[in-house]
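>>> Sequence and predicted structure, then a few things I'm wondering about:
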Amino acid sequence: MKNRTTVVRLGADGKLRRVNSDGSLTLLKVKPIPDLSDDFVEAAALKDPDNLPMTRGQLAEMRRVPRVKTLRFTLRLSQEEFARRYRIPLGTLRDWEQGRTEPDEAARAYIDVIAHDPAHVLDALRAQRKKTRRKRLVRA
């Protein structure tokens with residue numbers, strides 16, 4: 001069995017389209033997801049002995065995936081690339097991703113800004129770097 005990845009896009013009209021290798025889009029014919037009540041879903045889950053819903057205790061023991069790791073994967077960057085691009089110490093990034101430490105409030109805000117508009121954050125950092133270089137040249 002071959003592993004294949006299908007890339008799809010959600011159009012403005014709410015329909016899914018497959019992204020072909022040449023970049024063209026093909027409309028996918030998919031059935032709408034039925035609107036099921038929470039009670040129905042819970043009852044169906046309880047009937048499945050191989051996939052029972054988790055108890056509150058089990059949920060409390062679960063480790064959350066740090067958001068920064070998910071963001072980094074979404075941007076398709078290695079730890080080193082992400083740390084260098086967004087000026088985060090590599091050791092700090094690793095500690096966050098491995099759950100050894102949590103980002104403080106300012107770091108969480110910075111991560112949120114990166115998540116919402118990574119290109120503009122990168123542009124702002126580049127502009128700030130140029131400004132710093134100009135100041136060094138003027139002083140010399």
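In hand now; what should we look at?

>>> distance between stretch 100-109 and the chain's centre?
16 Å (Cα atoms, centre = their mean, to the nearest Å).

>>> start to end distance for that stretch?
Separation of the first and last residues of stretch 100-109 by Cα to Cα, to the nearest Å is 19 Å.

>>> Show me what the mean pLDDT comes to for that stretch.
In this model, stretch 100-109 carries a mean pLDDT of 91.

>>> Repeat that for stretch 53-60.
What stretch 53-60 shows for mean pLDDT is 88.

>>> Ok, stretch 67-86 next?
Average pLDDT, stretch 67-86: 94.

>>> Contacts made by that stretch with the rest, please.
88-90, 92-94, 96-97, 103, 110-111, 114-115, 118, 121-122, 125 (Cβ atoms under 8 Å, 6 or more residues apart in numbering). For every residue, glycine as well, the C-beta is placed using N, CA and C.

>>> just stretch 4-19 next, same as before
25, 26, 27, 28, 30.

>>> one more time with 10 Å, if that's ok
Residues external to stretch 4-19 that are found in contact with it (Cβ atoms under 10 Å, 6 or more residues apart in numbering): 20, 21, 24, 25, 26, 27, 28, 29, 30, 32.
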